[in-house]
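A.B. asks: Give me a 3D structure for the following:
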Amino acid sequence: MKIAVTYENGQIFQHFGHTAQFKLYEVEDGKIVNAKVVDTNGSGHGALAGLLSALNADVLICGGIGGGAQMALAQAGIKLFGGVHGDADKAVEAFLANSLNYDPEAKCDHHDHRHGEGHACGDHGCGSNCGSHGCH
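C.D. replies: Just a heads-up that it's a prediction; the model follows:
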């Protein structure tokens, strides 16, 4: 089994569509046998599901994720565990122990949503807090 995690500096990156890296874990008999960091090379939301499919990922652990990306992952047969925060390695260990705290309703629903400030949330990086909705 291969588990991919949105990744930045050891932590789970909180916006699937903007992740610059995945950490890919190879698991055999319930144990991590290999792990490596893979660059996304600037792939956007739609291409990331294809990249994970090409990497033969079975599972994705991430923070926020939009509905379109969720559908693309489902079509690629990749099982999603969203709404996860914190250390990437510990999250994978928790997943393998069947104790991962995740949100099956994790959504990044702010794309193309206007706040009246003259910008769309999807126009800036996740470093900006755009109100009270997820992904940040």
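
A.B. asks: so how far is residue 13 from residue 97?
C.D. replies: Computed with Cβ to Cβ, to the nearest Å, the distance linking residue 97 and residue 13 is 22 Å. Yep, even glycine has a C-beta here, placed from its N, CA and C like the rest.

A.B. asks: Give me the more crowded residue out of those two.
C.D. replies: Of the pair residue 97 and residue 13, residue 13 is the one with more neighbours under other Cβ atoms under 10 Å, namely 21 against 9.

A.B. asks: Quick one: low-confidence residue ranges for the protein.
C.D. replies: 43-46, 107-136 (pLDDT under 70).

A.B. asks: quick one: the helices in it?
C.D. replies: Under the criterion DSSP state H, the chain contains helices at 45-54, 67-75, 88-96.

A.B. asks: Now do the longest one: everything it contacts.
C.D. replies: By Cβ atoms under 8 Å, 6 or more residues apart in numbering, the residues outside helix 45-54 that reach it are 4, 16-17, 19, 22, 40, 43, 60, 66, 68-69, 72-73, 75-78.

A.B. asks: And for stretch 77-88?
C.D. replies: By Cβ under 8 Å, 6+ apart, the residues outside stretch 77-88 that reach it are 4-5, 7, 10-12, 14, 16, 23, 49, 52-53, 57-65, 70, 73-74, 91, 95, 100-107, 134.

A.B. asks: what's the answer for stretch 94-107, then?
C.D. replies: Where contact means Cβ under 8 Å, 6+ apart, the residues beyond stretch 94-107 that reach it are 3, 27, 30-32, 59, 61-67, 70, 81-84, 91, 134.
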